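Peer 1: What follows is a protein structure lacking sequence information:
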C-alpha cells in the first residue's frame, strides 16, 4: 500500500542517511501502471519517494511532506515503455529523468525531456548490452563501438551519465 511503502522507505532512508554517494532509482525496470490490468502504482511510488526523502533528511512527519534536496532520485522504466518524464516529470522528488532506449529511439526521448518544464537533466541509465543478439541483430553488432556510439550520441544530445 502507499502507507506501507512510505514507512518502509523512511526506514531505508534513515539507514542510509549518512551515505553521500547513493543515487535512488525507483522502478526496477517496470512501468508504474498496467492499464490492461487496471493497476496504477504511481501513488505508491510517490509515497515511497516521500518516505525515502523523510528518512534521508531525518524528518518524521505524519503528513508525508518532505524536501527532496539531500539525495538524487529518479525512476527507471522498461525499454520501449513510457519513461520517467512521461509519468513523473513534475513530481518534486524526481531530480532528473531516466531513459532506457535503443540508440535509434533515444534522440526523440531526450528532445522531449529537454522541452519539458521545469527543466531537468536526463540520463540513459541502460543502453545497449554488449554481445546481445536476437533475431534481427548479431552479437558483433553490439560491441564496444556501439556502446560508445550510444553514450556519445546521448551526451551530445544533452544527456548525462
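Peer 2: Sure thing, it's come through. Just so it is clear, the structure is predicted and the values come from calculations on it, not from any experiment.

Peer 1: contacting residues for the residue nearest in space to the middle of the chain?
Peer 2: The C-alpha lying nearest the average C-alpha coordinate of the chain belongs to residue 75 (C-alpha atoms, centre = their mean; 2.3 Å). By C-beta atoms under 8 Å, 6 or more residues apart in numbering, the residues touching residue 75 are 25, 26, 27, 32, 45, 84, 87, 88, 94, 98. All C-beta atoms are positioned from the backbone trio N, CA, C, and that covers glycine.

Peer 1: Is the first one located within a helix, as I assumed?
Peer 2: Right, the one you point to is residue 25. No. Using DSSP: H, G, I helix; E, B strand; the rest coil, the assignment for residue 25 is strand, not a helix.

Peer 1: Next one, pLDDT for it please.
Peer 2: We have a pLDDT of 91 for residue 25.

Peer 1: unless I'm mixing things up, it is touching residue 125, no?
Peer 2: Yes. If you go by C-beta atoms under 8 Å, residue 25 and residue 125 touch, sitting 6.7 Å apart.

Peer 1: neighbour-wise, which of the two wins?
Peer 2: More crowded of residue 25 and residue 125, by other C-beta atoms under 10 Å: residue 125, with 21 against 15.

Peer 1: Correct me if wrong: that one contacts residue 101.
Peer 2: No. Look at residue 125 against residue 101 with C-beta under 8 Å: they stay out of range, at 10.0 Å.

Peer 1: Need the overlap of contacts for residue 25 and residue 125.
Peer 2: 74, 76, 98.

Peer 1: Pipe these into JSON lines and attach neighbour count and secondary structure per row.
Peer 2: Formatted as JSON lines, the shared contacts of residue 25 and residue 125 follow (neighbours: other C-beta atoms under 10 Å; DSSP: H, G, I helix; E, B strand; the rest coil):
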{"residue": "74", "neighbour count": "25", "secondary structure": "strand"}
{"residue": "76", "neighbour count": "18", "secondary structure": "coil"}
{"residue": "98", "neighbour count": "25", "secondary structure": "strand"}
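
Peer 1: Having no further points to raise, I will conclude here.
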